[in-house]
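1. build me a model:
(chains A and B)
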2 protein chains.
Amino acid sequence: MKVDGKDMRPIWFNPDSKIVQVIDQRFLPHRLIVEDLLTMDRTIYAIKEMFVRGAPLIGATGAFGVYISLVQKNNKGADNAYLISECNRLKDARPTAMNLFWGVDRVLKIALKYDTYEARVKAALDEALAVTEEEAVNCKKIGEYGMPIIEEISKKKNGAPVNILTHCNAGWLACVEYGTATAPVYTAFDNGIDVHVWVDETRPLNQGSRLTAWELGKHGVRHTVITDNAGGHIMQHGMVDLVIVGTDRTTRAGDVANKIGTYLKALAARDNNIPFYVALPSSTFDWDITDGIADIPIEERDPDEIRYVQGLCNGKIKKVLVPPETSFAVNHAFDVTPARLVTGFITERGICKAGEKGIMALFPDKKK
Amino acid sequence: MKVDGKDMRPIWFNPDSKIVQVIDQRFLPHRLIVEDLLTMDRTIYAIKEMFVRGAPLIGATGAFGVYISLVQKNNKGADNAYLISECNRLKDARPTAMNLFWGVDRVLKIALKYDTYEARVKAALDEALAVTEEEAVNCKKIGEYGMPIIEEISKKKNGAPVNILTHCNAGWLACVEYGTATAPVYTAFDNGIDVHVWVDETRPLNQGSRLTAWELGKHGVRHTVITDNAGGHIMQHGMVDLVIVGTDRTTRAGDVANKIGTYLKALAARDNNIPFYVALPSSTFDWDITDGIADIPIEERDPDEIRYVQGLCNGKIKKVLVPPETSFAVNHAFDVTPARLVTGFITERGICKAGEKGIMALFPDKKK
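-> Modelled structure (predicted):
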């Protein structure tokens, strides 16, 4: 997507230097910093510390990680045992997003088919690039399938702005292009439909106010930042027409693990009869599990992500401590929204109802 | 309540200087600053800018405001017209909390009964002191009526910690003593019941992580700060036994205006069969209205309260900008939780079910 007129993705392979590069998203919206991923340690650090984040982008980074493990400094041979062990380390970087395991395993499987080092490097890079392009194409399709939902509301409102609430950042920064939750929004916007996005700030790491607000603003989409607390109130007062969020892992029955707080928005949408859609590439499905609340591991992150808030102060990026120094905090990063609260899934294959029956109708190849 | 072993209230009359003093709560938990309220302008500023906040404390400050309007510098006579006009200015300081109008009107009515300046000053001060003491006594009673709810859960859990979630600060800092939502917690704690409080940070002004965490910590009550987003997840996983919140205005039918985000917690409590109580002195009821969503005005505050977050940085209190400089924000300060989601009210007269029938049984004097 465009940033100040220039095409940009959150991850790319630099063909001249042969280096994988990413935007270090920790410093957005105030600094746009590019980072080289030269080693597996740095790649894992970038995933853990959220230079890169968002399920599809973590998947793409995992895919490139197999290539990085092969070409990194101090690579002592890259035999099968080494490669599998490095990939296991990579898959452990974050526990919730399905795409990480999927991206790593897909490239690893291909790489292991080749015997020579050179063939492995080439195969891993080609497959990682293929994963990345497929994610971009999938997000484009999600946009095309999702746009009619917005278009229909726009028609019902006689062209008045369609107000869409989103939580966290499931935009192009979380993917490769277009985003998942934002793909229908960008597609509608690019087709001249009047849209306005309510951006949940998304505590603790403020991916909404930092990232979603930034990328919508750079694309020219009208948006308003609100606290995570505000969604219920604006839904009660008719100020939200539609909710679209992303997901980090989705069960075959349609339970959705997404950024903590998503479940609360789903409850409010249901209480106010507002459609609540989840947009996802099918790589986000975990076909092996059904009950999301019981079976999806929820990452617990550093409590200091809650205690300290980062932002701009006199032109410098600083962190301020909010609660008393002596108060504990806990930081669950995701919650699970039961399928019963989800209106539908917007995928690269089309739209389906939330629930095993609807999902299996769209993905018959995944029937057990 | 105690602060580092010293008795403290958030508002008091200094008998030596004859000055009303308050804690400027904007700088807690990092600075404990005391402010003199010498003029009506300063009193209104202190309410608007939230040196003082919380429905009962706003009520007490309003009550003292009538006295301040009489004794302030440049007081040009204090005839009835002057006094009424000053009190109207004061009542306009914040629109949502019922207690402000109630506190001001109660003292104004008494003051107007007297003809001489001296008699008015004395009557206004005496009544403001009476309001303050009554609020303290009411909160004490709320604690006594509420404690058995916690005690019963404690017994069912064989003495394991009772996990209570609260939103915003409805503690002694919001009242005069004990608090409303916290009164049952303090009373249970003082009676040896093992309690643990989940403290919602309460964006945008972080009254939970700044104030509730501070006062619970100073009293020795175990607590954990969580994001506003986290409540649903911890309820799903059995980590919350009870929710208690305060209220800024409650209709005769039991709809509850409280800090933005309360409604989302009520929805999650209902979805997980967790009791959701609202603690309030009856001065918080607005007996004239029934439908809270339609009839309670919701204050919209400065968007910069969302855009900038205040905290401690290298020993100094600083504000950092989180979203892009160019992104808009809106800041609705309250939302309304419909009575259907409230398990019961804990008041100074006892506990009643949410709904006109239950409320009227406890307050038969308010029947129309």
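2. separation between the most centrally placed residue in chain A and chain B?
-> The centroid of chain A falls nearest to A:G54 when counting by C-alpha atoms, centre = their mean (2.6 Å). For A:G54, the distance to chain B equals 17 Å [C-beta to the nearest C-beta, to the nearest Å]. C-betas here are computed from N, CA, C, even on glycine.
3. list the contacts of that residue.
-> By C-beta atoms under 8 Å, 6 or more residues apart in numbering or on different chains, the residues touching A:G54 are A:N169, A:A170, A:G171, A:L173, A:A174, A:C175, A:G246.
4. again, only this time at 7 Å
-> For A:G54, the contact set (C-beta atoms under 7 Å, 6 or more residues apart in numbering or on different chains) comprises A:N169, A:A170, A:L173, A:A174, A:C175.
5. again, but for A:K109
-> Contacts for A:K109 were tallied using C-beta under 7 Å, 6+ apart; there are none.
6. which one among the contacts of A:G54 gets closest to chain B?
-> Among the contacts of A:G54, A:N169 lies closest to chain B (C-beta to the nearest C-beta), at 12.0 Å.
7. only the buried subset of the contacts of A:G54, as a PyMOL command please.
-> To isolate in PyMOL the members of those that are buried, counting by 16 or more other C-beta atoms under 10 Å in any protein chain shown, one can use:
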select buried, chain A and resi 169+170+173+174+175
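8. restrict the contacts of A:G54 to contacts with chain B.
-> The subset of these within reach of chain B, counting by C-beta under 7 Å from any C-beta of the partner chain, is empty.
9. returning to what we had before: ok, the residue nearest to the centre of chain A to B:A354 distance?
-> Distance, A:G54 to B:A354, using C-beta to C-beta, to the nearest Å: 41 Å.
10. try A:N273
-> 23 Å.
11. looking at these two, which one has more neighbours?
-> Neighbour totals were compared for A:N273 and B:A354, and B:A354 leads with 24 against 7 (other C-beta atoms under 10 Å in any protein chain shown).
12. show me what contacts the more buried one?
-> Applying C-beta under 7 Å, 6+ apart to B:A354 gives the contacts B:G254, B:A339, B:V342, B:G344, B:F345.
13. and for the closest residue to chain B within the stretch 101-250 of chain A, nearest residue in space, chain neighbours not counted?
-> Of all residues in the stretch 101-250 of chain A, A:N229 sits closest to chain B, at 2.8 Å by C-beta to the nearest C-beta. Take A:N229 and drop its neighbours on the chain: the residue closest to it by C-beta to C-beta, 6 or more residues apart in numbering or on different chains is B:G261, 2.8 Å away.
14. just give me the neighbour total for that neighbour.
-> When neighbours are counted by other C-beta under 10 Å, B:G261 registers 29.
15. right, and it touches A:H233 too?
-> No - counting by C-beta atoms under 7 Å, B:G261 stays clear of A:H233, with 8.4 Å between them.
16. which neighbours do these two have in common?
-> B:D335.
17. pLDDT wise, what is A:I274 at?
-> With respect to pLDDT, A:I274 has a value of 98.
18. roughly how far does A:V3 sit from chain B?
-> Shown here: A:V3 relative to chain B, a distance of 12 Å by C-beta to the nearest C-beta.
19. just for the stretch 51-200 of chain A, where's the confidence low?
-> Within the stretch 51-200 of chain A, the stretches with pLDDT under 70 are A:73-78.
20. what ranges does it have for its strands?
-> Taking DSSP state E, counting those that start in this stretch as the test, the strands found in the stretch 51-200 of chain A are A:162-166, A:195-200.
21. what's near enough to touch the nearest residue to A:V71 once chain neighbours are set aside?
-> Spatially, and ignoring its direct neighbours in sequence, A:V71 is nearest to A:V121 (6.0 Å; C-beta to C-beta, 6+ apart). By C-beta under 7 Å, 6+ apart, the contact list for A:V121 reads A:Y67, A:L70, A:V71.
22. pretty sure A:Q310 is touching A:I317, no?
-> Yes - here A:Q310 reaches A:I317: they are 6.4 Å apart, a contact under C-beta under 7 Å.
23. more neighbours: which of the two?
-> Taking A:Q310 and A:I317 together and counting by other C-beta under 10 Å, A:Q310 has the greater number of neighbours (19 against 14).
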